[in-house]
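Whatever this is, show me its structure:
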Amino acid sequence: MKSLVIGSIIALAASSLLAKELRAPQELFVKKCAMCHLMERPETKEARKLMAAPAIKTVMAGSVITIDALEGPMSDEKLRETSIEFIKDYLFNPSKDKANCEDFVVRKYGVMPSMKGFVTKEEMDILIPWVYDNFKPEKTKGSYKKQN
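The predicted structure follows:
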């Protein structure tokens with residue numbers, strides 16, 4: 001009986017820690033994305049040469065601006081929803097045809113590998129809305145601000 005109680009306490013503590021971790025989108029970004037995608041584009045050419053993938057701000061600009069241009073006009077909420085759906089699909093099923101970036105970006109970095117088995121659907125449901133909300137391109141008076 002005592003071991004059952006102790007086991008239950010350990011299981012409860014572990015699930016509580018896991019649930020807390022799953023609710024921390026910035027920590028998920030650091031663990032799952034930042035190994036390749038920096039948050040901001042480095043300022044020096046030397047640092048940019050070392051990048052494994054475009055900065056997430058650049059990735060978001062390409063995705064959101066392309067979706068808005070091809071499927072717009074749409075409300076901000078619809079653009080958010082459509083962008084999040086696209087990104088989730090792309091992360092599990094990436095392809096050159098789906099890449100919302102210039103051809104030279106794909107030549108430089110290649111097509112992103114699938115995140116199947118590395119990122120769960122539950123993690124994506126937490127992470128992608130946070131990425132969208134924090135890194136989407138700025139739009140003022142119908143025009144997007146130039147990305148660095």
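
So, low pLDDT: which residues of this structure?
Regions of the chain meeting the criterion pLDDT under 70 cover residues 1-22, 140-142, 147-148.

quick one: the helices in it?
With DSSP state H, the ranges of helices along the chain come out as 2-22, 25-32, 45-49, 56-71, 76-92, 103-109, 121-135.

ok, now which ones touch the residue nearest to residue 29 when sequence neighbours are not counted?
Leaving out its chain neighbours, the residue that sits closest to residue 29 by Cβ to Cβ, 6 or more residues apart in numbering is residue 127, at 6.3 Å. Yep, even glycine has a C-beta here, placed from its N, CA and C like the rest. Counting by Cβ atoms under 8 Å, 6 or more residues apart in numbering, residue 127 touches 25, 28-29, 32-33, 119.

quick revisit: point out the most buried one among the helices of the chain.
helix 56-71 (a mean of 18; mean count of other Cβ atoms under 10 Å).

Packing partners of that helix?
helix 76-92, helix 121-135 (3 or more Cβ pairs under 8 Å, 6 or more residues apart in numbering; DSSP states H and E).

need these in TSV with distance to residue 102, can you?
Listed next are the helices and strands packed on helix 56-71 as TSV, based on distance: least, Cβ to Cβ, whole Å:
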stretch	distance to residue 102
helix 76-92	16
helix 121-135	18
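
coming back round to it: among the helices of the chain, which is nearest residue 39?
Closest to residue 39 of the helices of the chain, according to Cβ to Cβ: helix 56-71, at 5.7 Å.

What are the contacting residues of the closest one?
Counting contacts by Cβ under 8 Å, 6+ apart, the residues touching helix 56-71 from outside are 29, 33, 37-41, 53-54, 74, 79, 82-83, 86-87, 90, 100-102, 105, 131-132, 135-137, 139, 144, 147-148.

Give me the distance between residue 81 and residue 71.
11 Å (Cβ to Cβ, to the nearest Å).

And for residue 48?
31 Å.

Then residue 127?
23 Å.

next one: residue 55
Taking Cβ to Cβ, one finds residue 55 at 24 Å from residue 71.

now swap in residue 110 and tell me
For residue 110, the distance to residue 71 - Cβ to Cβ - is 26 Å.

Same question for residue 29.
For residue 29 relative to residue 71 (Cβ to Cβ), the value is 26 Å.

sorry, back to before: so of the contacts of residue 127, which two are at opposite extremes in space?
Counting by Cβ to Cβ, the most remote pair of these is 25 and 119, 12.0 Å apart.
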